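Colleague: structure for this input, please:
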Amino acid sequence: MDWWKGFFDEHYLRRYIIEDEDTIEEVLMLRDLLPEAPADLLDVACGSGRHSLALALVGYSVTGLDASVTLLDKARKAADLSGVAAEFVEADVRMIPYVECFDAAINMFTSFGYFTDDAENQQVLDGIARALKPGGRLVMDLAHRDRVLANYRETDWYELDDGTVVWVQRIFDPVRGVNTVVDRWRNPDGSEDERYMRLRLYTATELDRMLRAAGLTSMTWYGSTRLHAFTPQSRRMIVLAEKTG
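Modeller: Residues are numbered from 1 along each chain as shown. Next up, the predicted model:
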């Protein structure tokens with residue numbers, strides 16, 4: 001079953017609130033790594049468009065691609081309200097419908113590894129490579145598997161500002177490299193619900209191999225959005241790659 005179908009809805013928007021300061025820091029990083037505006041940019045798994053809109057605001061020609069109708073609607077409304085020219089397209093990231101159209105692509109906030117089959121995740125990278133012009137750049141920002149496992153907690157709980165209590169259970173399959181996270185919550189009105197997400201977490205070695213298979217050469221690896229060196233202790237795994245063919 002595809003867990004991501006229906007996951008990225010209004011509930012997701014209420015639960016996963018990203019601070020403006022984080023978006024600003026991520027966009028500053030991207031401006032350091034990407035070609036200068038007005039480059040043509042593809043935001044793969046763009047979500048509600050927080051990176052797309054910010055980059056369009058500083059002059060990039062941005063196309064955001066996502067499978068969630070809810071998040072795309074939010075992105076389009078935000079673009080209309082701010083007067084930003086950005087295009088948002090509904091599509092499966094395994095079937096990116098472009099060929100050599102973009103100077104650069106981004107894939108942020110661990111939006112890679114949604115499929116437990118490595119061949120399907122490879123399709124995503126293959127599609128990104130096809131969409132890039134020769135010499136085009138890709139920036140990916142992912143959870144760092146080594147750090148995740150070094151600090152792994154099988155159970156956890158926390159309380160949201162509105163009083164919702166969330167219990168978390170995590171199960172990691174060390175052979176398949178798949179991390180399953182089950183969230184169960186009780187709302188302030190006493191109602192309860194649950195949902196889960198399942199991510200294939202990659203090591204840098206595995207991701208580098210997949211990038212090369214897609215015709216993308218990794219140029220530099222970073223461990224944070226402030227472009228710190230990538231180490232086994234880094235919280236993030238950020239790679240800058242280039243289309244070589």
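Colleague: what segments of this protein are helices?
Modeller: 10-15, 20-33, 50-57, 69-82, 118-131, 145-150, 204-213 (DSSP state H).
Colleague: tabulate those helices in TSV, adding columns for distance to W3.
Modeller: All C-beta spots, glycine's among them, are computed from the backbone N, C-alpha and C. As requested, those are exported to TSV (distance: least, Cβ to Cβ, whole Å):
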stretch	distance to W3
helix 10-15	12
helix 20-33	24
helix 50-57	22
helix 69-82	16
helix 118-131	13
helix 145-150	18
helix 204-213	21
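Colleague: reformat the ones you listed as TSV; add mean neighbour count, mean pLDDT and distance to F109.
Modeller: Below are these laid out as TSV (neighbours: other Cβ atoms under 10 Å; pLDDT from 0 to 100; distance: least, Cβ to Cβ, whole Å):
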stretch	mean neighbour count	mean pLDDT	distance to F109
helix 10-15	14	83	12
helix 20-33	15	95	8
helix 50-57	24	97	8
helix 69-82	16	96	12
helix 118-131	20	98	15
helix 145-150	16	96	15
helix 204-213	16	98	16
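Colleague: in stretch 181-201, which residues are buried?
Modeller: By neighbour count with 16 or more other Cβ atoms under 10 Å, stretch 181-201 contains the buried residues 181, 183, 185, 195, 198-201.
Colleague: in the protein, what residue spans correspond to strands?
Modeller: Here the chain has its strands, by DSSP state E, at 40-44, 61-66, 86-90, 102-107, 132-143, 155-159, 165-173, 178-186, 192-200, 216-222, 236-243.
Colleague: of those strands, which approaches D80 most closely?
Modeller: strand 86-90 (10.2 Å; Cβ to Cβ).
Colleague: residues of that closest one that come out buried?
Modeller: Per 16+ other Cβ under 10 Å, strand 86-90 contains these buried residues: 86, 88.
Colleague: phi first, then psi, for G223.
Modeller: Dihedral angles phi and psi of G223 (degrees, to the nearest 10) take the values phi -110, psi 0.
Colleague: can you count the residues close to it?
Modeller: 19 (other Cβ atoms under 10 Å).
Colleague: do I have it right that G59 meets D40?
Modeller: No - using Cβ atoms under 8 Å, G59 makes no contact with D40, being 11.5 Å away.
Colleague: out of those two, which sits in the busier spot?
Modeller: D40 (20 against 11).
Colleague: hey, what's that one bridged with?
Modeller: S61 (DSSP bridges).
Colleague: what's it in contact with, if anything?
Modeller: 60-61, 63, 101-104 (Cβ atoms under 8 Å, 6 or more residues apart in numbering).
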